[in-house]
Every structure is written in C-alpha cells, then in structure tokens.
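J.: structure for this input, please:
(2 chains)
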Amino acid sequence: MARGHHDIGGMPAGPIDRTEHELSDWELLADAVNQALGAKGIKRTDETRRTREEMDPELYRSLSYYERWIVSMEQILIEKEILTREEIDKKLAEIEKRWGSG
Amino acid sequence: MGKFKPGDRVRVRAEDRPGHIRTPFYIRGKVGTVERVHGEFLNPELLAYGRDGLPKRVLYLVSFNQKEIWEEYGGSPKDRLYADIYEHWLEAAQHKV
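T.: Sure, this is the predicted structure:
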C-alpha cells in the first residue's frame, strides 16, 4: 500500500513546537483569498487538498503551510482556466520589481 | 440508512489506488466497530476533481483498539481511536472482539 506525502499520521516526527507565533501579512492574505475563492464557488476544500496531494513530494516537504495553500490555489485557478501560468508569472515579476525579490 | 449499524464489526478496505482518498494509510486493513451513522454526504473523493459528488455516500464513526493500530502502543488496552470513514471503504468483518 502506498502512502501519499501528506498522509503522515503515526509517523515519527519528533517533538511538536507549541510556541505561539504571529501570522505574517502574506499568510493572512493567502487565507483571505482561499476563503474568497470558496465563497464565490470557484473551488472546494476537497480540490485544494487534492492539488496539495498531487504536488511533487520534494516540493511539498520544502514548503510551509500557507505556501502549500498558495501553490494549490494557483493550480486550481489554472485548471479552471481563470488564470494562466504566464499571467501569474508576469504579475509576480511586476511585484518583485516593485518590492524587490528579498 | 446504510449497510452497517452501530455495533457492527467492519474492516477498512486495504485498497490502494491513486488520487484523492479520504481514508488514512494507518487505518487501512484494520478492523473496528461502527459507533454511529453520521448520515449521507457528497462524496469528497469526487468533489476533489470538480465533480458533483453524487451519489452521496454514508459516513460512519468507527472506533478501533489503539493497540491494534499502533504496534508499540503503550497506553491502556481500553484506549480507542475514532475515525470517520465512508461506506465504500468498509466491508463486514467477523464478529470477534
């Protein structure tokens, strides 16, 4: 039986970091966009779960929680032909120019 | 509603198929007891692909002996694990506790 990279219940993981932490603005924004896409009926939670499961395992493990959300939302928007990869990349390049890539 | 009722012994299918599935790895192939029939819900394994999720599937609350799930479990032998599992992931098991 195969297990997906997301399906880690019961695997050894070491101690859990229980310290409180503030969410960054971009994380709050990722959550807001996710909720807006849901409220508008563009995507369902099941679809974003599925796209996270379909990600390259190495990429999945390297991303933080909300980074995974963003990648899955991009994938859904591309699948549904609402945005194209080119449009997303173009916009990102503009923003990086404005704010710097750091 | 549904094929099973509270108290029934059920085995989670040890099925292996690609795509979005709603039954975690650690519970597949294990035998548990139906505790509650939650009702009928759109099938999330179809909703995950933008489909309508029909026909609806019956969802059950199933309990398992922790010791049977985790070989090295060190807690009480009475400890149980509860999981929500859809009917198409369950089959009847022998009545033996």
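J.: list of residues touching the helix or strand of chain B with the lowest mean pLDDT?
T.: For chain B, using mean pLDDT, DSSP states H and E, the weakest element among its helices and strands is helix B:66-69, scoring a mean of 94. With contact meaning Cβ atoms under 8 Å, 6 or more residues apart in numbering or on different chains, helix B:66-69 is reached by A:10, B:26-27, B:30-31, B:73, B:75, B:77, B:79-81. No exception for glycine: its C-beta is placed from N, CA and C like everyone else's.
J.: go through it and flag the buried ones.
T.: B:66-67, B:69 (16 or more other Cβ atoms under 10 Å in any protein chain shown).
J.: quick one on the thing from earlier: among the contacts of helix B:66-69, which are in strands?
T.: Judged by DSSP state E, these include B:31, B:80-81 as members of strands.
J.: if we ignore the residues flanking it in sequence, what's nearest the residue positioned nearest the centre of chain A?
T.: Geometric centre of chain A, nearest residue: residue A:69, 1.9 Å, by Cα atoms, centre = their mean. Distances taken as Cβ to Cβ, 6 or more residues apart in numbering or on different chains place residue A:30 nearest to residue A:69, at 5.1 Å, with adjacent residues excluded.
J.: and the one you found, what does it touch?
T.: For residue A:30, the contacting residues are A:66, A:69-70, A:73, by Cβ under 8 Å, 6+ apart.
J.: redo that, cut-off 10 Å
T.: Going by Cβ atoms under 10 Å, 6 or more residues apart in numbering or on different chains, residue A:30 touches A:23-24, A:65-70, A:73.
J.: kindly report the same for residue A:63.
T.: Residue A:63 sits in contact with A:52, A:55, A:69-71, where contact means Cβ under 10 Å, 6+ apart.
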